[in-house]
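> Sharing a model that was predicted from the sequence below.
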Amino acid sequence: MIERKPPRTAKLSETALKRGVDLYQIFRKSVPLDEPLTAAAVSAISSETGLGARRIRELARRYRHKPIAESLASWPRGPKPGSRHVSAEILEAIDGLFEELVLTKVPLSVREAAQQVRYLLIADDGDYGFDPGIVPSFRTIERMINEISEPQKARFMGSKRRTAHEAHPGEYQSDGLLDVVQMDHTPADVMLVDSVHRVALGRPWVTLLIDVWSRCILGFYVSFGAPSIFRCGRAIANALLPKQPLLDSLGLDIDYPMHGFFKKLHADHAGAHRAEAFRSACQTYGIDPDVRPRGPAHFGTHIERLIGTMVRKMRLLPGATGGNVTARDGYDSEAEAAMTLDEFDRWLLREICRYHHTPHDGLGQIAPAQMWAMGAQSHGPLMPPGVDVEQLTRRFLPWVERTVQSGGVKIDHIRYWHESFARRLGLKIMIHYDERTIQAVYPEIDGVLLSAGVVGSYPNVTKPEWDVVVAARRQAGTAYQLAGGQAEIARLVHANRQEVLNAKGRTRRLREERKRQEREGISHARPPAEPEVSPESSWVSVADLHDEGWLQWRE
């Protein structure tokens, strides 16, 4: 079923409105609103305006229904907007073709779709075979395509494009400072290089958090890794904690006071935001992880707009990729890349502070830094006293559940040990791990995240680097097996199986032979007669034999 836009409203011309104003002065004097229209009044109006009695009575009905000058103006002649001089059968066929050709994930252009529809309707050997004279023209079909409602078109669009074609009444409200914070991620529109050889590495991911009430950027995180529980946790910790230690490590002398514990985190439907480890860490520190429903981006209006603002600023940097492949034709972003991750962090921090001091349209031309200062005066402490920074950062790490064994806990075939494990053998505990190192993990013991060291000698590498090495070893082992290892194993297994089968056969045959040699058990039946045994031969020596000449040689 095709949903169409409401027909446009007919517009009165200036001449018609002027005529309505002139008639309005006369009708006000002669046409009563609550009493019948008399013949004398009709005659008086006719003599003054030159209109016929029938026309006057028609205008009088319109005037009584709506006593303004516009009701007396003459509307344009012609068919009413939205009317069709086409049979219902043809309209039904057109709607069916629109659903097939226009309302798709990859729709045709309007002109091509109109041509396809008309030709399919008039084809002699097609499904319809209508006479070309009664089928709408290409231009009319194009207008009918443009009349399809925007919400119906939006159902076949991606979430980003769909937002502009749907109605979004209402507003996402925030009651004050640090009440609602929105978070989202985006690949930066710039290529960065490594710090040693200055070779292009790729585009980093940028995570931003915005306080909805003040529009301040509460936290950020930049990494070459795609968004994950680990990186979301780094961004949350950045938002909760003061930025001064980070600014000092980067050598920046700027003012960035935005931080603090907030009430609600508003994020999209990504898997990292819905993970139990991330949600439990938020709730531990009093944050409600409000994951918005899957679909259009308008649910995160503030953070989406902020990300668009910051990404556009990145086009000033060397190695900028931009958002249009055609626009950067002939520009090699990898060859132009010049900034390292630390340099990009410093640039981003300065741009964030610049944004904080820029008047904001959504705040009535008040800068976000001003809003923050006004809200902070009445907010109270931004952080609870005595917050353990180390425990907070560890809490927002991803975790797995493992059973404590006699040698410790094992994660990805690597063992870790802590002295507290000795009293918890056989128990399952939660182990938080940091992707930046394999040298330690953080088991949760009595509500505290301790540090358990690795057992054995392992290089000080990140978990992704270690996973790459392990995957390479597995791949080498798989290649060896495919190159002949599996065939050799198969031959040995087959030979051993034949050896066992032969041994079983020989044993079975010997056992059957032995059974045949053993006598039967006792019975009431008379046993068979024993066979007569001939006496044993008695040998006599040659000296005792009589000489009968039998030993003589015959000649």
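Thanks, I have the structure now.
> what about the strands in the protein?
All strands of the chain, identified by DSSP state E, fall at 180-187, 192-193, 200-202, 205-211, 216-223, 264-267, 288-291, 399-403, 409-411, 414-417, 428-433, 440-445, 448-449, 452-454.
> Provide the strand pairings for the first one, with the direction of each partner.
The reference is to strand 180-187. Partner strands for strand 180-187, per DSSP bridges, with pairing direction: strand 205-211 (antiparallel), strand 264-267 (parallel).
> From the chain's centre, how far out is it? Work that out for me.
Put simply, strand 180-187 sits 13 Å off its chain's centre (C-alpha atoms, centre = their mean, to the nearest Å).
> Let me have the strands paired with strand 180-187 in CSV, adding distance to residue 83 as columns.
Glycine gets a C-beta too; all of them are placed from N, C-alpha and C. CSV is the format used below for the strands paired with strand 180-187 (distance: least, C-beta to C-beta, whole Å):
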stretch, distance to residue 83
strand 205-211, 49
strand 264-267, 47
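> Out of those strands, the one nearest residue 9 is which?
strand 264-267 (39.3 Å; C-beta to C-beta).
> any residues touching the closest one, and which ones?
172, 179-184, 212, 236, 273, 282, 287-292, 299-300, 303 (C-beta atoms under 8 Å, 6 or more residues apart in numbering).
> and it, C-alpha only, in PDB?
Taking Å, rounded to 0.1, in the frame of the first residue of the first chain, the C-alpha atoms of strand 264-267 are listed here in PDB:
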ATOM      1  CA  LYS A 264      22.800   8.700  33.000                       C
ATOM      2  CA  LEU A 265      24.900   7.600  30.000                       C
ATOM      3  CA  HIS A 266      23.000   7.700  26.700                       C
ATOM      4  CA  ALA A 267      24.700   5.500  24.000                       C
END
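> For residue 85, which residues are in contact?
Residue 85 neighbours (C-beta under 8 Å, 6+ apart): residue 79.
> now do 10 Å
79, 134, 136, 140 (C-beta atoms under 10 Å, 6 or more residues apart in numbering).
> For the strands paired with strand 180-187, state which one has the densest average packing.
strand 205-211 (a mean of 24; mean count of other C-beta atoms under 10 Å).
> Please compute how far that one lies from its chain's middle.
Strand 205-211 has its C-alpha centroid displaced from the chain centroid by 17 Å (C-alpha atoms, centre = their mean).
> One more: stretch 199-213?
17 Å.
> Restricting to C-alpha, output it in PDB.
Output of stretch 199-213 as PDB, limited to C-alpha atoms (Å, rounded to 0.1, in the frame of the first residue of the first chain):
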ATOM      1  CA  VAL A 199      54.900   5.900   8.100                       C
ATOM      2  CA  ALA A 200      51.100   6.200   7.600                       C
ATOM      3  CA  LEU A 201      49.200   3.900  10.000                       C
ATOM      4  CA  GLY A 202      45.600   4.600   9.200                       C
ATOM      5  CA  ARG A 203      42.600   6.500  10.600                       C
ATOM      6  CA  PRO A 204      42.200   6.500  14.400                       C
ATOM      7  CA  TRP A 205      38.900   6.100  16.200                       C
ATOM      8  CA  VAL A 206      37.700   9.000  18.300                       C
ATOM      9  CA  THR A 207      35.200   8.600  21.200                       C
ATOM     10  CA  LEU A 208      33.500  11.700  22.600                       C
ATOM     11  CA  LEU A 209      31.100  12.200  25.500                       C
ATOM     12  CA  ILE A 210      29.000  15.400  25.800                       C
ATOM     13  CA  ASP A 211      27.000  16.700  28.700                       C
ATOM     14  CA  VAL A 212      23.600  17.500  27.200                       C
ATOM     15  CA  TRP A 213      22.700  20.400  29.600                       C
END
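> average pLDDT across that stretch?
Mean per-residue pLDDT for stretch 199-213: 92.
> What of stretch 46-55?
Mean predicted lDDT for stretch 46-55 stands at 88.
> Going forward, count from 687.
Sure thing, new numbering starts at 687, so read that last one as stretch 732-741.
> What residues sit buried inside that stretch?
Within stretch 732-741, the residues that count as buried by 16 or more other C-beta atoms under 10 Å are 735, 737.
> same check, this time on stretch 1057-1072
1057-1058, 1061-1062, 1068.
> try stretch 1034-1044
By neighbour count with 16+ other C-beta under 10 Å, stretch 1034-1044 contains the buried residues 1034-1035, 1037-1039, 1041-1042.
> Kindly report the same for stretch 709-719.
For stretch 709-719, by 16+ other C-beta under 10 Å, it's 709-710, 712-713, 716-717.
> need the helices for the stretch 1137-1241 of the chain, in chain order.
1149-1166, 1172-1203 (DSSP state H, counting those that start in this stretch).
> Oops, could you answer that again for the stretch 887-1036 of the chain instead?
Going by DSSP H, counting those that start in this stretch, the stretch 887-1036 of the chain shows helices at 915-926, 930-936, 957-960, 962-970, 987-999, 1019-1022, 1027-1042.
> what ranges of this structure fall below the confidence cut-off?
In the predicted model, the chain carries pLDDT under 70 at residues 764, 767-768, 842-858, 978-986, 1009-1017, 1205, 1219-1241.
> give the contact list for the residue nearest in space to the middle of it.
What sits nearest the mean C-alpha location of the chain, by C-alpha atoms, centre = their mean, is residue 956, with 4.6 Å. Contacts for residue 956 (C-beta under 10 Å, 6+ apart) come out as 869-871, 913-914, 918, 964, 977, 980.
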